[in-house]
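A.B. asks: Test case, fold it:
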Amino acid sequence: MKKAKKDIFLRVNLVLLMMLVIGAAIIIQGLKIQFVEGNHWNEVMNEKTRIREIKGELGDILSQEGEILVTSLPYYEVAMDPLADGLKKDSVYFKENIGGLCQKLARHFRDKSTLEYRDIIEKARKKGSINRNIVFDEAATPREVENMLKWPIFEKGQFGGGFIRRFKEKRILPHGEVAKRTLGYIRSNLPSVGISDSYQKWLEPDKVSISQINVAGNNWIDLDMINDRPADGGDVYTTLNLDLQKITHEVLNDALIKFDAAHGCVVVLEVETGKIKALSNLSKVGDGIYKETYNHAVGRRTPPGSVFKTAVALALLSDNKASLNTFVEVGNGKHKFYDVEMKDDHKPLEEELTFQRAFETSSNVGIAKLANDAYPGKQGLKQLLDRLEYMMLDRRTGVKIAGEEEPHFTRPNNPNCSGVTVPFTAIGYEVLLTPLQQACFYNAIANDGKLMQPYIVSHVEKDNKIVLKNEPTFVKQIAELSNVRQIQKALRGVVVRGTAKGIRSDKISMAGKTGTALISKPGDPDKKYQSSFIGYFPAEKPKYTVAVIIAKPSSGEYYGSQVAAPIFKEIAERCYIKEFDWQEPVNDKREVAEADRIKKTDHFPPTKTGYKRDIQKIYDYFDIPYEDKTPSNWIVSEKDGDQMNLRKRDSFDRDYEGRMPNVIGMGLRDAIFVLENRGFKVSHKGVGKILKQSIPPGESIQDGTLIKIFLG
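C.D. replies: Numbers count the residues shown, from 1 in each chain. Below is the predicted model of the structure:
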């Protein structure tokens with residue numbers, strides 16, 4: 001009995017000892033894994049698993065009227081995991097349906113036969129986990145993915161049928177280079193730019209994270225199923241007017257080609273609000289080729305030249321140093337300030353000019369002498385700069401676009417300050433400003449001295465709710481109204497009888513100032529100039545301020561009156577044509593003379609592609625001759641001599657049943673009518689005519705397909 005108890009006790013102790021040894025070994029191994037081999041196993045784990053972010057679409061950027069300026073086109077990478085759990089568990093289902101799937105793949109992609117696709121998939125299954133990611137398409141559309149989910153095997157989704165779709169997107173600009181640099185882009189490895197950068201947090205969509213595992217062959221398989229894609233980002237509505245933006249882009253591009261300039265920009269501000277209505281920047285990238293590569297208007301400061309004389313003139317008036325009737329000796333257009341001779345661009349007709357006449361003719365000598373007498377020495381320079389600072393010319397505008405340069409003035413404590421600083425500041429040297437900063441100052445003059453902060457985004461919408469709204473912001477009154485009125489008078493005189501009299505228009509009144517600045521380095525024999533014109537229109541009741549800056553024209557002409565001023569005029573006149581509230585109505589049918597004039601013109605009103613009866617009513621109302629050349633209800637109108645012809649709209653024949661109609665050029669109401677009556681779902685963005693459709697005309701489609709249309 002004692003022996004048995006002893007054996008039992010011994011065995012229990014041995015078991016306990018073994019458990020202690022095993023426990024100690026486990027603890028030691030655990031400590032070894034954690035502290036000795038921890039980095040190794042972490043690396044192994046990181047190689048086998050990862051987190052993938054799935055995002056909605058970036059928000060769109062639109063004009064103030066709702067036309068799309070930047071949008072995203074979604075697409076997918078489509079692949080198959082031939083060893084998905086559902087296919088491994090139900091091999092009978094796989095064998096019964098693999099033929100049908102491969103037939104669909106062959107018909108859709110047309111790059112391999114049904115047997116070739118079957119061979120690829122079955123070989124991958126036999127090789128086990130070596131290839132669990134057979135990629136079929138790297139840029140499938142959402143509609144194509146929707147159709148693929150109806151195919152055999154794929155109908156069971158990712159885990160049941162091995163169907164893998166990875167969302168991607170591509171940013172597109174429907175209007176090409178128009179405002180491209182202003183709208184900007186988001187970059188992962190480099191700084192983002194433009195509105196896309198400044199409003200990135202609003203444009204960014206919601207995100208969700210899913211786990212992935214790396215199987216043999218370095219194939220990553222999603223471990224989570226996402227049924228609903230995360231919410232899209234907010235839509236940013238700019239203050240840009242697309243028609244005006246296109247006008248500035250086209251006029252600027254043509255002028256740069258004509259004058260063979262290095263680059264140029266145009267800024268258009270709405271006088272009353274400070275809204276940026278157009279912002280064009282073009283740089284030479286090849287012979288006769290200009291693109292939006294840099295935002296010169298915001299990020300490039302240069303000597304403004306004679307356009308800065310307006311600020312100095314307002315300073316002289318505000319400090320009671322002169323009136324527009326003050327006389328100044330200009331002699332033969334040459335004068336020495338200490339040891340530096342200043343010249344006028346053209347010899348003055350008289351040796352003595354009034355301040356207003358010196359301003360209108362842009363006399364360097366006249367303006368510089370008035371300023372030098374009014375603000376002598378360093379103390380005078382300080383007084384002048386104090387007045388310019390009061391006008392807010394010493395600081396950034398605060399526009400929410402990254403990269404705005406800070407203005408520069410040569411100050412009394414600057415080592416480069418000398419006895420010629422005041423006279424040369426007066427004619428726009430010893431000063432560096434960006435085009436936008438200059439435009440804002442002129443906009444304040446047009447606005448009776450009220451300086452408005454420029455802004456380029458009106459609001460942001462998300463889920464049909466306004467989540468951010470920007471309002472016009474009054475900064476300050478930069479000068480007394482009486483003095484501003486005097487400057488307005490002088491600016492009008494520049495166009496009526498001064499350096500810009502060549503751009504006088506019988507359509508619209510204008511006011512502004514020419515400028516020509518030497519921007520090449522001192523002593524450089526190859527002189528380079530910057531041509532400018534900044535002004536506003538209509539002169540009596542200003543609506544828009546426009547700044548035109550052209551750098552380094554090399555065609556032989558370089559004066560602001562020759563290069564920049566005509567650009568301003570063309571923009572003003574083309575804008576006038578589009579601003580119907582500035583014009584007398586001419587469409588009353590009872591006014592026979594006017595009706596005859598309209599009929600005789602070579603210009604017929606633009607007509608959307610659409611329903612024939614609606615278009616006929618418009619033509620009948622305006623008494624415009626037309627000929628109906630088709631029994632079809634859906635037509636496109638074409639000019640033919642002195643009449644319009646109504647022709648059949650392509651892609652509306654009966655044989656287009658089951659295929660995508662061509663709705664480009666139509667209005668939204670007509671397009672929705674056509675598409676929904678054919679059983680399609682419609683999503684739309686923007687206003688105006690349809691510019692783009694997500695499915696090309698003529699493509700075979702099924703009922704219930706989602707069609708996305710873009711208007712502008």
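A.B. asks: Hmm, Lys681 and Leu706 touching each other?
C.D. replies: Yes: using C-beta atoms under 8 Å, Leu706 is in contact with Lys681, at 4.5 Å. For the C-beta atoms, the positions are set from N, CA and C on the backbone; glycine is no exception.
A.B. asks: Excluding sequence neighbours, find me the nearest residue to Phe259.
C.D. replies: By the measure of C-beta to C-beta, 6 or more residues apart in numbering, the closest residue to Phe259 outside its immediate chain neighbours is Pro553, 3.8 Å from it.
A.B. asks: what do you get for Asp81?
C.D. replies: Asp81 sits nearest to Gly162 (C-beta to C-beta, 6+ apart), 4.0 Å away.
A.B. asks: what's that neighbour in contact with, if anything?
C.D. replies: By C-beta atoms under 8 Å, 6 or more residues apart in numbering, the contact list for Gly162 reads 80-84, 86-87, 153-154.
A.B. asks: What of Leu691?
C.D. replies: So Leu691 contacts 68, 174, 664, 710-712 (C-beta under 8 Å, 6+ apart).
A.B. asks: Give me the pLDDT value at the spatially most central residue of the chain.
C.D. replies: Nearest to the geometric centre of the chain sits Leu183, at 2.0 Å (C-alpha atoms, centre = their mean). Per-residue pLDDT puts Leu183 at 93.
A.B. asks: Quick check: the gap between it and Val70.
C.D. replies: For Leu183, the distance to Val70 equals 5 Å [C-beta to C-beta, to the nearest Å].
A.B. asks: what do the two both touch?
C.D. replies: With C-beta under 8 Å, 6+ apart as the test, Leu183 and Val70 both reach 61, 173, 196.
A.B. asks: need the contact list for the residue nearest to the centre of the chain.
C.D. replies: 61, 69-70, 173, 194-196, 238.
A.B. asks: Most neighbours of all the residues you listed, which one?
C.D. replies: Thr238 (28 neighbours; other C-beta atoms under 10 Å).
A.B. asks: Domain-wise, how is this structure divided?
C.D. replies: The record's domain split for the chain, according to automatic domain parsing, is 2-36, 52-235, 242-580, 592-648, 654-711.
A.B. asks: got a list of contacts for the helix or strand hosting Ala106?
C.D. replies: Taking DSSP states H and E as the definition, one finds Ala106 inside helix 91-109. Helix 91-109 is contacted by residues 86-87, 112-118, 121-122, 136-137, 144, 148, 151-154 when judged by C-beta under 8 Å, 6+ apart.
A.B. asks: in the stretch 201-350 of the chain, which ranges drop under the pLDDT threshold?
C.D. replies: 210, 212-229 (pLDDT under 70).
A.B. asks: Would you map the strands across it?
C.D. replies: In the stretch 201-350 of the chain, the strands defined using DSSP state E, counting those that start in this stretch lie at 207-215, 219-222, 235-238, 263-270, 276-286, 289-291, 327-329, 334-337, 340-343.
A.B. asks: Give me whichever of those strands is most buried.
C.D. replies: Ranked by mean neighbour count, these are led by strand 263-270 with a mean of 27 (mean count of other C-beta atoms under 10 Å).
A.B. asks: can you list contacts of it?
C.D. replies: Contacts for strand 263-270 (C-beta under 8 Å, 6+ apart): 239, 244, 248, 251-252, 255-256, 275-284, 290, 294-297, 435-436, 439-440, 443, 454, 543-552, 567, 571.
A.B. asks: List the pairing partners of it within its sheet, with orientation.
C.D. replies: strand 276-286 (antiparallel), strand 544-551 (antiparallel) (DSSP bridges).
A.B. asks: Can I get it as PDB, trimmed to CA atoms?
C.D. replies: As requested, the backbone C-alpha atoms of strand 263-270 are provided in PDB (Å, rounded to 0.1, in the frame of the first residue of the first chain):
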ATOM      1  CA  HIS A 263       3.800  84.000 -70.900                       C
ATOM      2  CA  GLY A 264       0.800  86.000 -69.900                       C
ATOM      3  CA  CYS A 265      -2.200  86.200 -67.600                       C
ATOM      4  CA  VAL A 266      -5.700  87.800 -67.300                       C
ATOM      5  CA  VAL A 267      -7.600  88.400 -64.100                       C
ATOM      6  CA  VAL A 268     -11.300  89.300 -64.200                       C
ATOM      7  CA  LEU A 269     -12.900  90.600 -60.900                       C
ATOM      8  CA  GLU A 270     -16.500  91.400 -60.300                       C
END
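A.B. asks: gap between His263 and Val563?
C.D. replies: From His263 to Val563 the distance is 13 Å (C-beta to C-beta).
A.B. asks: so Val271 makes contact with Asn443?
C.D. replies: Yes: counting by C-beta under 8 Å, Asn443 is a contact partner of Val271 at 5.8 Å.
A.B. asks: can you list the weak-confidence ranges in the stretch 551-700 of the chain?
C.D. replies: 580-612, 629, 631-634, 640-641, 648-658, 687.
A.B. asks: try 90
C.D. replies: 555, 575-700 (pLDDT under 90).
A.B. asks: Which element, helix or strand, includes Leu388?
C.D. replies: helix 377-390.
A.B. asks: for Val78, same thing?
C.D. replies: strand 68-80.
A.B. asks: mean confidence for the helix or strand just after that strand?
C.D. replies: As assigned by DSSP H and E, the chain's next helix or strand after strand 68-80 is helix 85-89. Average pLDDT, helix 85-89: 85.
A.B. asks: Between Val271 and Asn443, which has more neighbouring residues?
C.D. replies: Set side by side, Val271 and Asn443 show more neighbours around Asn443, with 28 against 22, by other C-beta under 10 Å.
A.B. asks: who are the neighbours in contact with the more buried one?
C.D. replies: 269, 271, 274, 451-452, 454, 536, 545.
A.B. asks: Rebuild those as TSV, extending it with distance to Thr425.
C.D. replies: As requested, the contacts of Asn443 are exported to TSV (distance: C-beta to C-beta, whole Å):
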residue	distance to Thr425
Leu269	25
Val271	27
Gly274	26
Leu451	21
Met452	26
Pro454	24
Tyr536	24
Thr545	23
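A.B. asks: quick check, nearest of those residues to Gly23?
C.D. replies: Pro454 (74.0 Å; C-beta to C-beta).
A.B. asks: Could you figure out how far the helix holding Ala106 is turned away from strand 68-80?
C.D. replies: 140 degrees (axes from the mean of the first three to the mean of the last three C-alpha atoms, to 10 degrees).
A.B. asks: which is the next helix or strand following helix 91-109?
C.D. replies: For helix 91-109, the following helix or strand on the C-terminal side (DSSP H and E) is helix 114-126.
A.B. asks: Give me the contacts around the next helix-or-strand element following that next one.
C.D. replies: Where DSSP H and E defines the elements, the next helix or strand beyond helix 114-126 is strand 134-140. Strand 134-140 is contacted from outside by 75-82, 105, 109, 120-121, 124, 144, 148, 165, 168, using C-beta under 8 Å, 6+ apart.
A.B. asks: how about 7 Å then?
C.D. replies: For strand 134-140, contacts defined as C-beta atoms under 7 Å, 6 or more residues apart in numbering pick out 75-80, 82, 105, 109, 120-121, 124.
A.B. asks: contacting residues for Arg492?
C.D. replies: Counting by C-beta under 7 Å, 6+ apart, Arg492 has contacts 511, 539.
A.B. asks: can you tell me the helix or strand for it?
C.D. replies: helix 481-497.
A.B. asks: picking up where we left off before, anything in contact with each of Val271 and Asn443?
C.D. replies: In contact with both Val271 and Asn443: Thr545, using C-beta under 7 Å, 6+ apart.
A.B. asks: So which residues lie in contact with the strand holding Val78, not counting its own?
C.D. replies: Here strand 68-80 has contacts from 57-58, 60-63, 121, 133-142, 145, 148, 162-175, 179, 183, 238, 685-686, 710, 712, using C-beta under 7 Å, 6+ apart.
A.B. asks: Out of those residues, which sit inside strands?
C.D. replies: Those of the contacts of strand 68-80 mapping onto strands are 61-62, 134-140, 163-172, 238, 685, 710, per DSSP state E.
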